[in-house]
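Peer 1: what would the 3D arrangement of this be:
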Amino acid sequence: MIHVNWFEATAWCRWAGRRLPTEAEWELAAGGAPELGGRPELGAKFRFPWGDTPPTPQKANLDGQAGWVVDVAAHPEGDSPTGCRQMAGNVWEWTESPFYPFPGFVTDPYREYSAPWFGYRKVLKGGCWATRSRTLRNTWRNFYLPDRRDVLSGFRTCAL
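Peer 2: Below is the predicted model:
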């Protein structure tokens, strides 16, 4: 699904008895490294869902290569350690999390880029089919008003 806003995603979750993941849950599902103990607080995280090697067309739908979204079953080589598919590319994924700074955040010289938006925008993760692979990483976050559906956005769900 593409062109879904945050309100529509959460409404579908309520209907289905599910919920959107938090930003932290999304990152753990995308890059927690079980063979390293799966302890993100110790730095045991992968840069990409499939590991630390750079993206390739076999691992994710990025760089406009397919020209649109692909089936969720595509790109099994890009599965995360937890078995989640398409966590990089395809569609930006809404999370439950509001956009706030991480601990230790320091405003860069372009102050208007993030600080004015803290608190009332929602975090999206994973990039989309048009995202440039050279900019992608599991920790990359996007942030939009929850009523936007024009940002190539979709969602995945979690159990309650």
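Peer 1: just how off-centre is the top strand by length along the chain within its chain?
Peer 2: Across the chain, the strand with the greatest residue count (assigned by DSSP state E) is strand 92-98. From the chain centre to the centre of strand 92-98 is a distance of 7 Å (C-alpha atoms, centre = their mean, to the nearest Å).
Peer 1: tell me what it is packed against?
Peer 2: helix 6-16, helix 23-31, strand 122-125, strand 153-154 (3 or more C-beta pairs under 8 Å, 6 or more residues apart in numbering; DSSP states H and E). Just so you know, the C-beta spots here come from the backbone N, C-alpha and C atoms, and that holds for glycine as well.
Peer 1: pLDDT below threshold where in the protein?
Peer 2: 33-43 (pLDDT under 70).
Peer 1: ok, what's across the strand from the residue nearest the centre of it?
Peer 2: Closest to where the C-alpha atoms of the chain average out (C-alpha atoms, centre = their mean) is residue 125, at 2.0 Å. For residue 125, the beta-bridge partners are residue 93, residue 141 (DSSP bridges).
Peer 1: let me see the contact set for it.
Peer 2: Residues counted as contacts of residue 125 (C-beta atoms under 8 Å, 6 or more residues apart in numbering) are 23, 26-27, 30, 87, 92-93, 95, 138, 140-142.
Peer 1: the residue nearest to residue 52 when sequence neighbours are not counted: neighbour count?
Peer 2: Nearest residue to residue 52 in three dimensions, chain neighbours excluded: residue 46, at 5.7 Å (C-beta to C-beta, 6 or more residues apart in numbering). For residue 46, the neighbour count with other C-beta atoms under 10 Å is 18.
Peer 1: assign residue 3 to helix, strand or coil.
Peer 2: Three-state call for residue 3 (DSSP: H, G, I helix; E, B strand; the rest coil): coil.
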